[in-house]
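*Asks:* Quick one, structure for this:
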Amino acid sequence: MRALFLVLCLGVFCSKLAADTLSPADREALLENLEKLRGTVTGRVDARFRSAIAAYRGAMSDEKAVMEFYLKCVKKIDFDDKHRKASEFNEWRKKQEDHLNDPTMRRALQHQLCWLVLTLQAASDKADMNKLATQGQQIVDELFNDALTLTSQRELLGQNVTSTVFARAYDIAGVKLDKWPFSPLNLAQIYDSVLLPPYRTSGNIQALRAGWFKRLHQEGVVYEDVHAKSKSNGRPLTSDSGHSPEQEKFLTEILPDLQWQMETDLYRSGDQRGAALRMIAHIERYLTHGRARQWSDDLKTLLSPLPVETGAAAPTSSSNQSSDSDATP
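*Replies:* Numbers count the residues shown, from 1 in each chain. Prediction:
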């Protein structure tokens, strides 16, 4: 009987739900309330980010401060929150002493915090992407000028910054950003999605080209100082210098394709004549490259005249005759 009563009650409830429609006024009121709630949620999220950013900025000022902050976050996440004893943390810290005292690790943590702060700023509804691009370029430049840290701390620097102990200690999770690079080592996405777009939209060809050259240099740093220890001791890679198979692949395969992408970008951004001439020369130089045929097809597509619009009709003979008759004395 009790089960039957529940079924009957549920049936009555569902019938009422089916019959209870929203009027236009109801919809408008609900949408208004929803917008207020969305604004409140956004405000609270931004406030949480601001609190975290303030703490991160204070910690990344020097190597000593960043290590103290790192240990504080590790203690909270891996020990306090798991109700582990203080003695366990002290034992872990003692075992990690050499690693924690490594200057390259401390600098890597600083670089990581810088990128985390930039990521949280980008996640704000009021983010100024042009301003963030300038800051992002500075962070990337400082990181790639620190080849020793890049070489020894690549795994740490490659982490998603929103999953680090810094982010977890401040409950930073679920940061959603379209096409945003969550690691400062993701050069391709950093340049394509963050650093170069402002130059494309502004039509600043010179700055766009300079940005591309900076990317090419930094990609070379990765292969020279990170993937292998070069015999060139920090000098730029050249085809006749002693280098590893990884570097050889970069010079003969990857770099030429990146240069092609650069010229294509410059062409589409307005430097058509200069880029087209350089692209022809590029194909001539790398005739044996695996993508040479694709490059030639791409350039042919770029150089082909645009199709005439269907609606654009040519002048009729009658209009020409009219013009001729008007010109006749």
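
*Asks:* roughly how far apart are the nearest residue to Y267 once chain neighbours are set aside and Y191?
*Replies:* With CB to CB, 6 or more residues apart in numbering as the measure, A275 is the residue that lies nearest to Y267, at 3.8 Å, once sequence neighbours are left out. C-beta: built from backbone N, CA, C; applies to glycine. Relative to Y191, A275 is positioned 17 Å away (CB to CB, to the nearest Å).

*Asks:* do G211 as well
*Replies:* Here the distance between G211 and Y191 works out to 7 Å (CB to CB).

*Asks:* ditto for D62
*Replies:* According to CB to CB, D62 stands 29 Å off from Y191.

*Asks:* These two: who's more crowded?
*Replies:* Y191 (24 against 10; other CB atoms under 10 Å).

*Asks:* For the more buried one, list the residues it contacts.
*Replies:* Residues in contact with Y191 (CB atoms under 8 Å, 6 or more residues apart in numbering) are 211-212, 215.

*Asks:* quick one: the helices in the stretch 51-200 of the chain?
*Replies:* Counting by DSSP state H, counting those that start in this stretch, one finds helices in the stretch 51-200 of the chain at the ranges 63-74, 86-95, 97-100, 103-122, 129-144, 147-152, 154-157, 165-169, 187-190, 197-202.

*Asks:* Show the average pLDDT along the third one.
*Replies:* Read it as helix 97-100. Rounded to a whole number, the mean pLDDT of helix 97-100 is 95.

*Asks:* Mind listing what's buried along that helix?
*Replies:* If you call a residue buried by 16 or more other CB atoms under 10 Å, then helix 97-100 has no buried ones at all.

*Asks:* okay, that helix in PDB with CA atoms only?
*Replies:* Backbone C-alpha positions of helix 97-100 (Å, rounded to 0.1, in the frame of the first residue of the first chain) are rendered in PDB as follows:
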ATOM      1  CA  GLU A  97      67.200  18.200   1.200                       C
ATOM      2  CA  ASP A  98      69.600  18.000  -1.800                       C
ATOM      3  CA  HIS A  99      66.700  18.400  -4.200                       C
ATOM      4  CA  LEU A 100      65.200  21.300  -2.300                       C
END
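
*Asks:* Name the residues that touch that helix?
*Replies:* Surrounding helix 97-100, the residues in contact under the criterion CB under 8 Å, 6+ apart are 67, 71, 93, 105.

*Asks:* Check what pLDDT the last one gets.
*Replies:* Looking at M105, its pLDDT reads 97.

*Asks:* Repeat that for the second one.
*Replies:* Listed pLDDT for L71 reads 98.

*Asks:* Just give the number of residues close to it.
*Replies:* Neighbour count for L71, taken as other CB under 10 Å: 16.

*Asks:* For it, which non-adjacent residue is spatially closest?
*Replies:* The spatially closest residue to L71, leaving aside those adjacent along the chain, is R93, at 6.9 Å (CB to CB, 6+ apart).

*Asks:* Just give me how far the helix or strand containing A276 sits from the chain centre.
*Replies:* The secondary structure element spanning A276 is helix 272-285 (assigned by DSSP states H and E). Mean-position distance between helix 272-285 and its chain equals 29 Å (CA atoms, centre = their mean, to the nearest Å).

*Asks:* elements contacting that helix?
*Replies:* With contacts defined as 3 or more CB pairs under 8 Å, 6 or more residues apart in numbering; DSSP states H and E, helix 272-285 has these neighbours: helix 255-268, helix 292-303.

*Asks:* Buried deepest among those helices, which one?
*Replies:* Per-residue neighbour counts averaged over each of the helices and strands packed on helix 272-285 give the maximum for helix 255-268, namely a mean of 18 (mean count of other CB atoms under 10 Å).

*Asks:* who touches it?
*Replies:* Helix 255-268 has contacts (CB under 8 Å, 6+ apart) with 196, 200, 205, 208-209, 212, 215-216, 219-220, 274-276, 278-279, 282, 286, 289, 291, 295, 298, 302.

*Asks:* Quick one, which of these are buried?
*Replies:* If you count burial by 16+ other CB under 10 Å, the buried members of these come out as 196, 200, 205, 208-209, 212, 215-216, 219-220, 275-276, 278-279, 282, 286, 289, 295.

*Asks:* how far away is I283 from G270?
*Replies:* If you measure I283 against G270 using CB to CB, the figure is 21 Å.

*Asks:* can you check E263 too?
*Replies:* Distance of E263 to G270, given as CB to CB: 13 Å.

*Asks:* ok, now M129?
*Replies:* 21 Å.

*Asks:* Same check on Y56?
*Replies:* Distance, Y56 to G270, using CB to CB: 39 Å.

*Asks:* more crowded one of those two?
*Replies:* More neighbours surround Y56 than the other of Y56 and G270, with 21 against 14 (other CB under 10 Å).
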